[in-house]
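K.L.:
here's my sequence, what's the structure:
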Amino acid sequence: RPCDHYTDRPNIGLIVGENRVLLYDAGNSAANVALLRQEMTDCGLPQPDMVAVSHWHWDHTFGMHAWGVPIIAGRETNRYLQKVRQWKWDDRSMQERVDLQQDIVFCSEMIKREYPDRSQICVTTADIIFDDRLTIDLGGGVVCELIHARGPHSPDSVICHVPSERFVFLGDSNGKDMYGLPWHFDIEHEEDLTATLMSLPYDRRLVEEYLRILDPLDFTKCIGGH
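P.N.:
Numbering: from 1, shown residues only. Below you'll find the predicted structure:
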């Protein structure tokens, strides 16, 4: 499912084996999940038996509760989710988190847009937790390798390598550090977002470490989260 920039919904991957189906990333809301389910039905695709999330950020995890199947996450991602599930979503609490640099203006504004009724926000933790790597055999020669790749975007980033397809779902792992770098987002001037993000620097050390994870993998195609 292609991403939707209006409320920062990410690309979602569906990997279908003979015995099981894995979804990569959970979407950002129950509404996002309902749309995904309908599109799978319309395209004659099976529903997932399990969902793996790429990292803790809201747009990839706030749909977790709506799938009703086991959720897989890296241990570090789950630690973040344990914190986020304690957050409150009234205007004051959200602004306090921005002021304290626990959250960023961009995510705060996108959450408000995705959730006109923020009482509908439901943050859950994972059912299956792993550390560095987890291999899942979906049957029929389709294997998914979930790999804690870290990367410049978020230290908990997990990628999904599908060797039989020579394909990698990157999530946001190749992106920039939107939480750690100083930058500003004005929802009244969204047209400036791309140029602003392009101007942010990469941490070269983190990129080099990230590439050391990617380089040994056999793949010819990949897709990022947005």
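
K.L.:
need the contact list for the residue located most distally from the centre of the chain.
P.N.:
Among the C-alpha atoms of the chain, the one farthest from their average position, using C-alpha atoms, centre = their mean, is that of G140, at 26.7 Å. With C-beta atoms under 8 Å, 6 or more residues apart in numbering as the criterion, the residues that contact G140 are 17-19. Bear in mind the C-beta positions are built from the backbone N, C-alpha and C, glycine included.

K.L.:
what element comes up after the helix-or-strand element of the chain with minimal mean pLDDT heading to the C-terminus?
P.N.:
Sorted by mean pLDDT, DSSP states H and E, the helices and strands of the chain end with helix 193-199, the least confident at a mean of 93. Next along the chain after helix 193-199, taking DSSP states H and E as the criterion, comes helix 204-214.

K.L.:
which other residues reach that following helix?
P.N.:
Contacting residues not belonging to helix 204-214 are listed as 147, 149-152, 159, 168, 173-174, 177 [C-beta under 8 Å, 6+ apart].

K.L.:
same thing with stretch 73-87?
P.N.:
Outside stretch 73-87, the residues within contact range by C-beta under 8 Å, 6+ apart are 52-53, 55-56, 58, 61, 93, 97, 123-126, 128-131, 146, 148, 155-156, 158.

K.L.:
pretty sure V98 sits against I111.
P.N.:
No - when contacts are counted by C-beta atoms under 8 Å, V98 is not listed as touching I111 (11.1 Å).

K.L.:
neighbour count: the two, which is higher?
P.N.:
Using other C-beta atoms under 10 Å as the criterion, V98 and I111 rank with I111 on top: 21 against 15.

K.L.:
please name the nearest non-neighbouring residue to R118.
P.N.:
With sequence-adjacent residues excluded and distances taken as C-beta to C-beta, 6 or more residues apart in numbering, R118 is closest to W89, at 4.0 Å.

K.L.:
secondary structure of the one you found: a strand, I assume?
P.N.:
No - read with DSSP: H, G, I helix; E, B strand; the rest coil, W89 is coil and lies in no strand.

K.L.:
quick check: mean pLDDT of the helix ranked longest in the chain?
P.N.:
In the chain, taking DSSP state H as the definition, the longest helix is helix 30-42. Confidence over helix 30-42 (mean pLDDT, whole number) is 97.

K.L.:
how about residues contacting that helix?
P.N.:
Applying C-beta under 8 Å, 6+ apart, the external contacts of helix 30-42 come out as 1, 9, 12, 14, 26-27, 46-47, 63, 65-67, 114, 120, 122.

K.L.:
how far is that helix from where the chain is centred?
P.N.:
From the chain centre to the centre of helix 30-42 is a distance of 17 Å (C-alpha atoms, centre = their mean, to the nearest Å).

K.L.:
buried residues in that helix?
P.N.:
Going by neighbour count (16 or more other C-beta atoms under 10 Å), the buried part of helix 30-42 is 30-33, 35-37, 40.
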